[in-house]
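Visitor: coords below, sequence missing:
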């Protein structure tokens, strides 16, 4: 072989080697990115031809795939539609997926690395892969009670097992029907998508976990926890007279049943001047630290994503006083406030919340993953938690939360009414725990249709919490 031919041969071998290396690298390291490209119609078609596994609540599917006679072979459907939409999310040819449909997409489609052996068995037997089953922690009765309680009003309900962190109900209202985004008619899907996103009521917003709001007087539970940690007791007396915020002309007043009252009584009657003054005395750093021990600043529920609740960075004394009654720039999700109630009931321990209990193989014989309860933080000591628990029980038995009383169940709670401006209606909140059921509940109503001077949480939100508790008996 002469020299020119040898050079051409070497160059050709080098080019083929580079090509093979590039193809191998693309397969090993870029395949996921290439498959995820929206213009990759072949992958989209194959994805929609998969027999996706169901998402379950108890023995009932809340998302499933039905055989159809079109090129995609299977149609994703949601039997309960809007009731579970914040949990399931949607699965759409044009718009991808959200919620559990997104987080567990590979397991539901049967293509996750953990399902490799199952795919080999199906390949050898000539059958198409089948997706795994995702089993949630939700309780159908609690979910429906929360949905009926909101009755179409903007808001959210979260119920959580205090000892494990398992979510028993997660409802947001208004909601949407994921079926309209799952249809194979792309023109109908586009119309539905545009309509949902143009709706001023924002039905696709997850108010339960992914939005934060002023928590109003429910935040007084956090302030009370900080007071107990600082050495106070439920019987410690505080000044309940009108309080002029330091460096401000604003005076916080209210009839708290006396000029000096116990910390327990202050929580019972939701005494604004008492808690504003107490917040200033404790200081912003103590309040922030206590809030963070309950979970403020952290995100939870990675299955569907959540927003971090917040306490203001550097408030002055006047702003600290307003923060102590759950206003100024304090903002929390209903999920976060459910965790506050749950921690009080669980001897001060905050458990990590979770929505999925297990993922099992298509034939239900193999457990692919199983969630085990784990601790997120320790919000307060057991003795302080016991004192705060009794204070919250007194709120329901003797104070503003009386509409949450349930025969035969020990219920503790705290009402909240939040005002952020002089235009919108107040937010109504209620957080609670039911001791015998190991259950904590947060109810949030975005537009309380009552005068701003009323205790909106007691009138509107507490009865919804009661209904959820009764559904779990």
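Guide: Done, it's in. As the structure is a computational prediction, the values presented were derived from the model and not from experiment.
Visitor: average model confidence for the strand or helix carrying residue 180?
Guide: Assigned by DSSP states H and E, residue 180 belongs to helix 179-182. Averaged across helix 179-182, pLDDT comes to 97.
Visitor: Need the contact partners of it.
Guide: For helix 179-182, contacts defined as Cβ atoms under 8 Å, 6 or more residues apart in numbering pick out 75-78, 81, 90-92, 95, 188-189, 192-193, 196. The way it works is simple: take the backbone N, C-alpha and C, and place the C-beta from them, glycine included.
Visitor: can you do 10 Å?
Guide: For helix 179-182, the surrounding residues in contact (Cβ atoms under 10 Å, 6 or more residues apart in numbering) are 48, 63, 65, 75-79, 81-82, 85, 89-98, 101, 188-193, 195-196, 204.
Visitor: Mind checking which of these land in helices?
Guide: 48, 85, 101, 188-193, 195-196 (DSSP state H).
Visitor: Identify the farthest-apart pair in these.
Guide: 48 and 195 (22.3 Å; Cβ to Cβ).
Visitor: Pick out whichever of these two has more residues nearby.
Guide: A count of neighbours by other Cβ atoms under 10 Å puts residue 48 above the other of residue 48 and residue 195, at 22 against 12.
Visitor: what about the residue nearest to the more buried one when sequence neighbours are not counted, which SS state?
Guide: Of all residues not flanking residue 48 in the chain, residue 72 sits nearest, at 4.4 Å (Cβ to Cβ, 6 or more residues apart in numbering). Using DSSP: H, G, I helix; E, B strand; the rest coil, the structure places residue 72 in coil.
Visitor: so residue 72 makes contact with residue 91?
Guide: No. Under the criterion of Cβ atoms under 10 Å, residue 72 is not in contact with residue 91, lying 11.6 Å apart.
Visitor: After the one helix or strand residue 291 maps to, which helix or strand is next? Please name it.
Guide: Here residue 291, judged by DSSP H and E, is contained in helix 284-294. Next along the chain after helix 284-294, taking DSSP H and E as the criterion, comes helix 317-323.
Visitor: buried residues in the helix holding residue 291?
Guide: Neighbour counts over helix 284-294 (16 or more other Cβ atoms under 10 Å) mark 284, 286-288, 290-294 as buried.
Visitor: Please tabulate these in CSV, including the columns distance to residue 236 and pLDDT.
Guide: What follows is the buried residues of helix 284-294, written out as CSV (distance: Cβ to Cβ, whole Å; pLDDT from 0 to 100):
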residue, distance to residue 236, pLDDT
284, 21, 98
286, 15, 98
287, 17, 98
288, 22, 98
290, 16, 98
291, 21, 98
292, 24, 98
293, 21, 98
294, 21, 98
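Visitor: Format those residues as CSV; extra columns: distance to residue 332.
Guide: What follows is the buried residues of helix 284-294, written out as CSV (distance: Cβ to Cβ, whole Å):
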residue, distance to residue 332
284, 17
286, 18
287, 13
288, 13
290, 13
291, 9
292, 12
293, 14
294, 9
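Visitor: closest to residue 163 among these?
Guide: residue 294 (16.7 Å).
Visitor: residues contacting that closest one?
Guide: Residue 294 sits next to 219, 221-222, 225, 309, 332, 336-337, 339-344, 348, 350, 376-377, 379-380 when contact means Cβ under 10 Å, 6+ apart.
Visitor: again with residue 317
Guide: Counting by Cβ under 10 Å, 6+ apart, residue 317 has contacts 245-248, 279-281, 283-284.
Visitor: try 8 Å this time
Guide: With Cβ under 8 Å, 6+ apart, residue 317 has these contacts: 245-247, 280.
Visitor: what's the span of stretch 348-359, first residue to last?
Guide: Across stretch 348-359, the terminal residues are separated by 30 Å (Cα to Cα, to the nearest Å).
Visitor: likewise stretch 92-100?
Guide: End residues of stretch 92-100 are separated by 13 Å (Cα to Cα).
Visitor: Off-centre distance for it?
Guide: 19 Å (Cα atoms, centre = their mean, to the nearest Å).
Visitor: Which residues in that stretch does the neighbour count mark as buried?
Guide: 92-93, 96-100.
Visitor: contacting residues around that stretch?
Guide: Residues contacting stretch 92-100 (Cβ under 8 Å, 6+ apart): 44, 48, 55, 63, 72, 85-91, 102, 105, 134, 136, 181-182, 184, 186, 189-190, 193, 303-304, 355-356.
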